[in-house]
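> build the 3D model from these lines:
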Amino acid sequence: MTPTADVPALLAHQAPLVIDNAATAWVLTATALVLMMTLPGLALFYGGMVRKKNIISVIAQSAGAFGVVTVLWFIAGYSLSFGAGPQAANGLIGGLQAAFLNGVTMQTAHSLLPGLPELLFVSFQLTFAIITPALIAGAFAERMKFSASILFFILWHLIVYAPICHQVWGGGYLGGLGVLDFAGGAVVHVNAGVAGLVCALVLGPRHGFGRDNMAPANLAYSAIGTGLLLVGWIGFNAGSAGAADALAAVAAFNTILAAASAAVGWMAVEWIERRRPTLLGLLSGIVGGLVAITPAAGFVDPKGAFFIGLIAGPACYAGAVWLKHALKYDDSLDAFGVHGVGGIVGALLTGLFATTSVNALAEGATVWKQAVGLLGAIGWSAAGTYLVLTLCRFTTGLRVAKEQEIEGLDYTQHGEAIH
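As a prediction, this is how the structure comes out:
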């Protein structure tokens, strides 16, 4: 018997692990930071923005997304996203070679990052898969059945998230076209934002929308959630460098700077239009800047990050306030207005500001290539989301009864209440 006879062959997406200890330590940390973005970050950010009778239901949706997506990622999601599929379909979606993490061992790495243990790569990418459907919940907050939201998360992960993730990051056709997405502009934010818009249009507005007072119940919760998102986002963007190096440092600073400049941009527009700045506006501006810098964080220098944030703040304000009011759709917590619009702006500006002085992969970047990538992601997300909602409508149903909505989803869906 030869010394390597009992060593299993590598899967198509794998490379032998040649561990980089510094990179491993940093990505372990980044994984924890990104996981914090959903629970408790997004849960509190969204929880504070709904009415008191629905706070628990929104937090439960974030917790539910964590549970079902993690299990699905283990069963098939990772393999479909980052595994290699049959040649004819590999441009669109991966295969099932690594289903149930078969073939993933302590000696393997993904070929994208051969210095990281593959199970760490699996964990880091899982955190992105978790937060993306949780973001969509902001669009259907206060009116979707909890059972429907869980089924939605399951189907959406398999039909929408995994294919788009593979197309951009896993060896699919969008990445092959040269579309740049450093940490999830198209994969996470545009994908979730467009899905949120489809959800808002299909479900229709909340009972009393445009008539009843739907002011946020607790902006202190939202402020705490925003702070956790801001800190976690450093793991989101700088962790996507895959190493503890200068590129991670650039991505970290760009993340902070863009969030701040977007907050200033949103505040300026709001101050001019409404004569006073609001805390909710500042928080939304911060998140909008974080969204917009995500695709660009490791491709632009700080000047580019500053301008991306400064443009994104007013753009997200326009999406969350002017566009929503003009078209009269009820995107409850502005999933499309902030994540969809911010992601689109950031992805397009990546093509404008990307520079090879930061990242050699920026060579050949154009706004046109970015637009092509966005169109592909938007089309798949919109069509896939509509299909998922249709399946939910004919199984669990989508909306709670009018009486349950008026009473509040905390008690009617979960038998719990905040007193």
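> what's the closest non-adjacent residue to S57?
L409 (3.7 Å; Cβ to Cβ, 6 or more residues apart in numbering). (Each C-beta comes from the backbone N, C-alpha and C, glycine too.)
> oh sorry, the question was meant for L113
Per Cβ to Cβ, 6+ apart, closest to L113 is G242, 4.6 Å.
> distance of that neighbour from G298?
10 Å (Cβ to Cβ, to the nearest Å).
> so for those two, which residue has more residues nearby?
G298 (27 against 22; other Cβ atoms under 10 Å).
> helix/strand/coil for that one?
coil (DSSP: H, G, I helix; E, B strand; the rest coil).
> that one reaches G239, doesn't it?
No. Checked against Cβ atoms under 8 Å, the pair G298 and G239 is beyond contact range at 10.4 Å.
> which residues do these two both contact?
A183 (Cβ atoms under 8 Å, 6 or more residues apart in numbering).
> please name the residues that touch S381.
Neighbours of S381 in contact, by Cβ under 8 Å, 6+ apart: 160, 164, 190-191, 194-195, 198.
> host element of it?
Following DSSP states H and E, the helix or strand that holds S381 is helix 367-393.
> what does stretch 29-39 rub up against?
With contact meaning Cβ under 8 Å, 6+ apart, stretch 29-39 is reached by 62-63, 65-66, 120, 123-124, 127-128, 130-131, 134, 228-229, 231-236, 238-239.
> mind listing what's buried along it?
Going by neighbour count (16 or more other Cβ atoms under 10 Å), the buried part of stretch 29-39 is 30-31, 33-39.
> next: stretch 215-232.
Residues of stretch 215-232 classed as buried: 216-219, 221-226, 228-230, 232 (neighbour count, 16+ other Cβ under 10 Å).
> as TSV, those with pLDDT and secondary structure would be great.
Shown next, in TSV, are the buried residues of stretch 215-232 (pLDDT from 0 to 100; DSSP: H, G, I helix; E, B strand; the rest coil):
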residue	pLDDT	secondary structure
P216	97	coil
A217	97	coil
N218	97	coil
L219	98	helix
Y221	98	helix
S222	98	helix
A223	98	helix
I224	98	helix
G225	98	helix
T226	98	helix
L228	98	helix
L229	98	helix
L230	98	helix
G232	98	helix
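> can I get these in a markdown table including distance to K52?
Formatted as a markdown table, these follow (distance: Cβ to Cβ, whole Å):
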| residue | distance to K52 |
| --- | --- |
| P216 | 10 |
| A217 | 4 |
| N218 | 8 |
| L219 | 12 |
| Y221 | 11 |
| S222 | 13 |
| A223 | 17 |
| I224 | 16 |
| G225 | 16 |
| T226 | 19 |
| L228 | 21 |
| L229 | 22 |
| L230 | 25 |
| G232 | 26 |
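> which of these sits closest to F306?
Comparing the buried residues of stretch 215-232 against F306 with Cβ to Cβ places L230 closest, at 16.6 Å.
> the closest one and L257 touch, don't they?
No. Using Cβ under 8 Å, L230 is not in contact with L257, being 11.9 Å away.
> mind listing the helices for the stretch 201-350 of the chain?
When assigned using DSSP state H, counting those that start in this stretch, the helices of the stretch 201-350 of the chain occupy the ranges 219-238, 246-274, 279-293, 302-317, 324-327, 341-353.
> make JSON lines out of those and add distance to M49.
As requested, these are exported to JSON lines (distance: least, Cβ to Cβ, whole Å):
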{"stretch": "helix 219-238", "distance to M49": "5"}
{"stretch": "helix 246-274", "distance to M49": "15"}
{"stretch": "helix 279-293", "distance to M49": "8"}
{"stretch": "helix 302-317", "distance to M49": "15"}
{"stretch": "helix 324-327", "distance to M49": "14"}
{"stretch": "helix 341-353", "distance to M49": "16"}
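> burial count for the residue lying closest to E405 once chain neighbours are set aside?
Of all residues beyond its chain neighbours, the one nearest E405 is H207 (5.1 Å), with distances taken as Cβ to Cβ, 6+ apart. H207: 15 surrounding residues under other Cβ under 10 Å.
> roughly how far does H207 sit from T390?
Note on H207: its distance to T390, by Cβ to Cβ, is 23 Å.
> buried residues, stretch 165-173. List them.
So for stretch 165-173, counting by 16+ other Cβ under 10 Å, buried means 165-172.
> do I have it right that T355 meets A362?
Yes. With contact defined as Cβ under 8 Å, T355 and A362 form a contacting pair (5.7 Å).
> hang on, the earlier thing: in the helix holding S381, what's buried?
Across helix 367-393, burial judged by 16+ other Cβ under 10 Å covers 369-370, 373-374, 376-378, 380-382, 384-385, 388-389, 392.
> which single one of these is nearest to S149?
S149 lies nearest to C392 out of the buried residues of helix 367-393, by Cβ to Cβ, at 8.7 Å.
> contacts only, for that closest one.
With the criterion set at Cβ under 8 Å, 6+ apart, C392 makes contact with 148, 151-152, 155, 398.
> so which of the residues you listed are in helices?
148, 151-152, 155 (DSSP state H).
> okay, these in JSON lines with pLDDT and distance to A141 next?
Below are the ones in helices among the contacts of C392 laid out as JSON lines (pLDDT from 0 to 100; distance: Cβ to Cβ, whole Å):
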{"residue": "A148", "pLDDT": "98", "distance to A141": "13"}
{"residue": "L151", "pLDDT": "98", "distance to A141": "17"}
{"residue": "F152", "pLDDT": "98", "distance to A141": "13"}
{"residue": "L155", "pLDDT": "98", "distance to A141": "19"}
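> any quick ChimeraX command for the buried ones out of those residues?
In ChimeraX syntax, the buried subset of the ones in helices among the contacts of C392 is picked out as below (16+ other Cβ under 10 Å):
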select :148,151,152,155
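> list the buried residues in the host helix or strand of V58.
In this structure, V58 sits in helix 55-72 according to DSSP H and E. Of the residues in helix 55-72, 55-62, 64-66, 68-70, 72 count as buried by neighbour count, 16+ other Cβ under 10 Å.
> now for the residues you listed: which two are most distant?
Across those (Cβ to Cβ), the longest gap, 26.5 Å, separates I55 and L72.
> circling back to that earlier point, so T355 and A362 - more neighbours on which side?
The neighbour count for T355 versus A362, taken as other Cβ under 10 Å, is higher for A362 (20 against 14).
> I'd guessed the more buried one sits against F299; true?
Yes. A362 is within contact range of F299, at 4.8 Å (criterion: Cβ under 8 Å).
> any residues in contact with both of the two?
180, 354-355.
> output these as CSV; include the columns distance to E270, pLDDT and secondary structure.
What follows is the shared contacts of A362 and F299, written out as CSV (distance: Cβ to Cβ, whole Å; pLDDT from 0 to 100; DSSP: H, G, I helix; E, B strand; the rest coil):
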residue, distance to E270, pLDDT, secondary structure
L180, 31, 98, coil
A354, 30, 98, coil
T355, 32, 98, coil
